[in-house]
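Asks: Fold the following.
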Amino acid sequence: MFTTAVGKIGLLICYDLNFPELAKALTLQGADLLICISASPTTTQRYFETLLPARALENTVFMAYVNLAGNQEDLIYWGGSQVYDPLGNVLVKAPYLKESIITCDINLRLLESARARRPVLRDIRPEIYQDLYTLSRHHTKQKEPEPTTRNC
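Replies: Numbers count the residues shown, from 1 in each chain. Got it, this is the predicted structure:
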């Protein structure tokens, strides 16, 4: 989290987007904008494009996504950088599969009206995070089944 002349910005890196608690924590610390920098290959495009508007909407925060475009060894990066408003609406999206630069003006005053319409930050129940912590501490990995052998 860091403060700039335009507002508070929370930073996520690629896989972090899969953990809603991280985006929630940054928003609860006062983030106006979450930025996720990424090197997402085409095999995960659908996941990212589902999670991005969800993170914006569930936290009533602006969400910017910056993704790599091009090829590296066997991976193809889909590009498609994009920005969402606090209600999960896409504001701008870069082309897929090619390098580009996009810009987007955001109006931070929209945060107040979005948070009035969807008071998820006001209505959060902090005790669920203690429950989540407790559950995760007691979570154990499932054992892999023993491989079966066949006599031939």
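Asks: Show the low-confidence segments of this protein, by residue range.
Replies: Low-confidence segments of the chain, defined by pLDDT under 70: 140-152.
Asks: top helix in it by residue count?
Replies: When the chain is parsed with DSSP state H, its longest helix is helix 45-59.
Asks: Spit out the contact partners of the residue positioned nearest the centre of the chain.
Replies: The centroid of the chain falls nearest to Leu17 when counting by Cα atoms, centre = their mean (3.4 Å). By Cβ atoms under 8 Å, 6 or more residues apart in numbering, the residues touching Leu17 are 23, 36, 38, 48, 51-52, 55. Backbone N, C-alpha and C define where each C-beta goes, glycine included.
Asks: Just give the closest residue to Val92, not the sequence neighbours.
Replies: Excluding the flanking residues, the one nearest Val92 by Cβ to Cβ, 6 or more residues apart in numbering is Cys104, at 4.4 Å.
Asks: Would you mind confirming that that neighbour is in contact with Val90?
Replies: No - the criterion here is Cβ atoms under 8 Å, and Cys104 misses it with Val90 at 10.0 Å.
Asks: anything in contact with each of those two?
Replies: Shared contacts of Cys104 and Val90, defined by Cβ under 8 Å, 6+ apart, comprise Val83.
Asks: Just to check, Pro20 is in contact with Leu34?
Replies: No - in this structure, Pro20 is not within contact of Leu34 by Cβ under 8 Å, at 11.4 Å.
Asks: Now do the shared contacts for those two.
Replies: Listed as contacting both Pro20 and Leu34 by Cβ under 8 Å, 6+ apart are Arg55.
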